[in-house]
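>>> Turn this into a model:
(2 chains)
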Amino acid sequence: MVSSHGNAHSDTARMEQIITEFFAKSVHIILESRALYASSRNSYGGYKSDSSSSSSSSSVRPRDKWFNLALRECPVALENINNHECVIVDVILVHRSLDWDPMITKKVLCKERYPLCCSGAELGVDAKSEKIVERWIVQYENGKKIKNSNLGTRRSSNNSLQNLYKKSTLLLRSLYATVRLLPAYKTFRDLNSSAHIRPFTLAHRVSSFVEPFTRKQESEMMKYRFTPVDTSSGRLCLTVMYCPTASDLSCEQLPSMSPQVISDYVGSPLASPLRRFPSLPLSGLPCHGCSSPRRHSWNFDDSKASSTYINDSSLPLHSKSQILLSNTSSRLHDLPPNPHLRGSRCTYKIDRNTNVMQTGATSEKVFSLGKDELQKNSGVRISANSFPFPRISISSRFYLDDFDDTDFSCPFDVDNDDMKNPGSRTKSLDRGHVAEALEAGGFFPIRKSNYAAVGALVHMLKKAPPLHQDFYTSEHPSVQCGGLRLTAIPSLRDNRTTKPMKISVQKPNKENLSHGTHCETRNNIQELNKNQQASISTRKTTRDALEEFHGYREMKNLLVMRDIKPQI
Amino acid sequence: MNCEVCQLKELELEHFEIREVLRCILHTIIFHRALGLVRPKDVDLELFDVTYVQCGEVEVEKKIEEKIEQFICWVEKHPNKKSQICLSFYEVKNKQASWFSNKIERLYWEQWYINLNVAQHLKSHSSKPHRSKFVDPGEGALEDRNARSAALEVSLREVLFQIIKFVNEKKDHVPPIPNLEGAISFPYEITIPRFCFWDGHDQENAPDWASNNAKLIFRIIE
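Numbers count the residues shown, from 1 in each chain, chains lettered A, B, ... in the order given. As a prediction, this is how the structure comes out:
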């Protein structure tokens, strides 16, 4: 009696264990091929088709031996299965809205790990965007005893348990195959492959109690009931309700955004150096004379200046600086092109020489951080003014150290401060260097804007020595002409006339005036022209042009005055 | 013990589809009958949007490939004919040693009949039918092929569900799971069609014949 009771008790315990493990295994099979990111790195259910699998592998876990079915790791499936009478697994298709938030997707994915408390509201998405595409019901119906049960003997009890185990194994085999034949598996594979970015995702919910489907929902779904497995005290039932067509799963209807490999990202060797950012205005490009609008560290065919970039900095820093360059440029798109470009280039320069921007900070931050160092080390003055972004004035020496490019033919060294605050011009520039460069007639390898050039011209003219001091030389012959002293100076070729023009006019001298006549004036002028042609220098400058202009004006005034006053 | 027989739905397919279709069906059946420890292997068909499961045993895969090749050879020799492949599961009866025979008696408890109708819809310049897929079919023929392929995929899914349904409904005839190493619990054999040696001529109603006689004949010939 005791032994029979003990045997019965053990048989009951074993049966309950089989039922418990059956629940766990069935949920594992379902979630392994429905729960995104919940399984191992293998994107497919089971094992990869190209991997050699062997049942004699040493890595057989205890739970693999149950029903002789070794599955992949699926932690989600092992959680929160407390009820071994009814487990319902809902597979939900969640549509993302147009302005979907990645954080919501994160919530969805997190909820997959804790599915019992999962709901539409908690997912953070509109309930209307959810659709249950599958519902799996694993159930143990108590009290329905098998008809031909013969539990009297131990042998029959063993047979019953073996039979139960065998049939459960067969049922799970067919469950495993069925899961891969239903339409949701394709959706799962598409989403898990991570090859495409879809506007929907799959979620799941494991619970013991759910709201039944409405009639409409039920009419849209198909139902398949696996043949129940009878036990001594009930039966194991497995049912699935699923959407029969792929269109219901929106696999093909919604457009997918497939990620594209950007081969010409900033910093990539594949990027064309001449490629222009769309945010940059056309006029924002450097002025003529520059071989490329942007310098890249990888571009060995670029100008010499770019080669120094490579030597000086490591690649990541270059990448960051280039990115910052582009970011700065894009933010400065509403500014006048020249200061905009200058600001961005100066940003890069600072990066190279001071390593201030290693963290990829914005230009303002960098400028504020490295302001003192810059001023001390590189002769850079950072001015924080009403200008939207701080501007940097860089001395000529600073640039000469780094630029070996002779393509920069603009001869003036001007910075924005000079344009904005003419009074502070002397402070911002290294006057000595500028003066030396000007006198030598050398070139500053700096690309300057037109505004800067005009400003520089004005400045130079104001600082230039008086014109009349240089005129009475052999290079500038002068003749008396009608009481006027005319001096030939090299003049620019005027587009309007090809004749060299008289420029310098002196005030009438009493001695000269007493000898001059109109004819003498004309002859003298002709002689003057000849001399002028012989001695004229081909080098014309803006200063000369301006001087010529002044000469014309004075001559005009004198002629007007002469006409008015009687000739002496 | 009864021998449960399952006649699967007939599939119309072309020569180049034979391999994939047979692999899918045979592996699916064996997976359901390999009740030893298995690590399931998911395989995607190349020609169809179907994923089936293999039991993962190398020997099983090798044997299936062998039989498929034999079947293809047979199809090439007998074009445009309906054919049948039989997958049988049996138990080994105790050897009965005798003076006349030491055959191992097999007791079949389950048989699966895979019915195929291999058709060649396109004329090929080559004598070998398996090259027909390389012939340019033309626009209309291509559409026909696509339609047939889609229909075949639907039919294949139906066959797979038929297998699952049969496995679920018929469980009692399956012998107890032996305590054996490996995934394969029960011995099996795959027999290719009954090209009849009965009277030296092809039998017209060969698919309708019981397979036992043919298997015996085939075994003798081998």
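>>> any weak-confidence spans in chain B?
In the predicted model of chain B, residues B:1, B:95-103, B:121-137, B:193-222 satisfy pLDDT under 70.
>>> could you point out the longest helix in it?
helix B:138-169 (DSSP state H).
>>> so what secondary structure elements neighbour that helix?
helix A:154-179, strand B:4-7, strand B:11-13, helix B:18-33 (3 or more CB pairs under 8 Å, 6 or more residues apart in numbering or on different chains; DSSP states H and E). Placement of C-beta: from N, CA and C, glycine included.
>>> Return the residues of the stretch 101-250 of chain A in contact with chain B.
A:162-163, A:165-167, A:169-171, A:173-174, A:176-178, A:180-181, A:185-186, A:189, A:226-227, A:229 (CB under 8 Å from any CB of the partner chain).
>>> what about the helices in chain B?
Under DSSP H, chain B gives helices at B:18-33, B:58-77, B:138-169, B:211-221.
>>> any idea which of those helices is most buried?
Greatest average neighbour count among those goes to helix B:18-33 (a mean of 22), per mean count of other CB atoms under 10 Å in any protein chain shown.
>>> Low-confidence stretches in the stretch 101-250 of chain A?
Checking the stretch 101-250 of chain A against pLDDT under 70 turns up A:101-128, A:144-155, A:194-196, A:246-250.
>>> can you give me the angle the longest helix of chain B makes with helix B:18-33?
10 degrees (axes from the mean of the first three to the mean of the last three CA atoms, to 10 degrees).
>>> Between helix A:154-179 and helix B:138-169, find me the angle.
160 degrees.
>>> which strand of the chain spans the most residues?
All of this refers to chain A. Determined from DSSP state E, the single longest strand within chain A is strand A:130-142.
>>> think we crossed wires, I meant chain B
Max-length strand for chain B by DSSP E is strand B:106-118.
>>> Who are the packing partners of it?
strand B:4-7, strand B:11-13, helix B:18-33, strand B:82-92, helix B:211-221.
>>> do you know which of these lies nearest chain A?
Among the helices and strands packed on strand B:106-118, the nearest to chain A by CB to the nearest CB is helix B:18-33 (4.9 Å).
>>> Show me what that closest one is packed against.
helix A:154-179, strand B:51-54, helix B:58-77, strand B:82-92, strand B:106-118, helix B:138-169, strand B:188-191.
>>> Go ahead and flag the most central residue of chain B.
Central residue of chain B (CA atoms, centre = their mean): B:Ile85, 4.3 Å from the mean position.
>>> ok, now which ones touch it?
Applying CB atoms under 8 Å, 6 or more residues apart in numbering or on different chains, we find B:Ile85 in contact with B:Leu22, B:Leu26, B:Lys67, B:Phe71, B:Tyr113, B:Ile114, B:Leu116, B:Ile190, B:Thr191, B:Ile192, B:Pro193.
>>> Check whether the longest helix anywhere in chain A comes near chain B.
Criterion DSSP H: the longest helix present in chain A is helix A:2-32. No - between helix A:2-32 and chain B, judged by CB under 8 Å from any CB, nothing touches; the nearest distance is 9.5 Å.
>>> what's around the nearest residue to A:Lys65 once chain neighbours are set aside, how many residues?
Spatial nearest neighbour of A:Lys65, chain neighbours left out: B:Leu37 (6.7 Å); criterion: CB to CB, 6 or more residues apart in numbering or on different chains. Neighbour count of B:Leu37, defined by other CB atoms under 10 Å in any protein chain shown: 23.
>>> and chain B, which residues reach chain A?
Counting by CB under 8 Å from any CB, the residues of chain B near chain A are B:28, B:31-32, B:35-44, B:49-54, B:56-58, B:157, B:160-161, B:163-164, B:167-169, B:171, B:174, B:176-177, B:181-183.
>>> What is the neighbour count of A:Cys237?
Other residues close to A:Cys237 by other CB under 10 Å number 18.
>>> so it sits right up against A:Thr227, yeah?
No - using CB atoms under 8 Å, A:Cys237 is not in contact with A:Thr227, being 9.2 Å away.
>>> Give me the contacts around stretch B:5-14.
B:21, B:25, B:82, B:110-121, B:132-133, B:145, B:148, B:151-152, B:155-156, B:158-159, B:162-163, B:166.
>>> now do 6 Å
Stretch B:5-14 is contacted from outside by B:21, B:111-117, B:152, B:155, B:158-159, B:162, B:166, using CB atoms under 6 Å, 6 or more residues apart in numbering or on different chains.
>>> next one: stretch A:7-19
In contact with stretch A:7-19 (CB under 6 Å, 6+ apart) are residues A:Tyr140, A:Arg154, A:Ser157, A:Leu161, A:Leu164, A:Tyr165, A:Thr231.
>>> which one of these is nearest A:Gly551?
Using CB to CB, A:Tyr140 comes nearest to A:Gly551 of the contacts of stretch A:7-19, at 112.8 Å.
>>> How much space separates that closest one from chain B?
17 Å (CB to the nearest CB, to the nearest Å).
>>> That residue pairs with what?
Per DSSP bridges, the residues bridged to A:Tyr140 are A:Leu236.
>>> which ones are touching it?
A:Ile19, A:Glu85, A:Gly234, A:Leu236.
>>> shouldn't the third one be in contact with A:Glu141?
Spelled out, that is A:Gly234. Yes - A:Gly234 is within contact range of A:Glu141, at 5.0 Å (criterion: CB atoms under 6 Å).
>>> Look at those two and report which has more neighbours.
A:Gly234 (20 against 15).
>>> what number of residues lie near A:Ala456?
By the measure other CB under 10 Å, the count of residues near A:Ala456 is 25.
>>> now swap in the one 3 residues further on and tell me
Applying other CB under 10 Å, we find 18 other residues in the vicinity of A:His459.
>>> Is it within a helix or a strand, and which one?
A:His459 is part of helix A:450-463, with elements assigned from DSSP states H and E.
>>> Buried residues of that helix, list them for me.
A:Ala452, A:Ala453, A:Gly455, A:Ala456, A:Leu457, A:His459, A:Met460 (16 or more other CB atoms under 10 Å in any protein chain shown).
>>> same deal with stretch A:210-228?
A:Met221, A:Phe226, A:Thr227, A:Pro228.
>>> Save these as a markdown table, and put in secondary structure too.
Shown next, in a markdown table, are the buried residues of stretch A:210-228 (DSSP: H, G, I helix; E, B strand; the rest coil):
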| residue | secondary structure |
| --- | --- |
| A:Met221 | coil |
| A:Phe226 | coil |
| A:Thr227 | coil |
| A:Pro228 | coil |
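>>> Kind regards, and thank you for your time.
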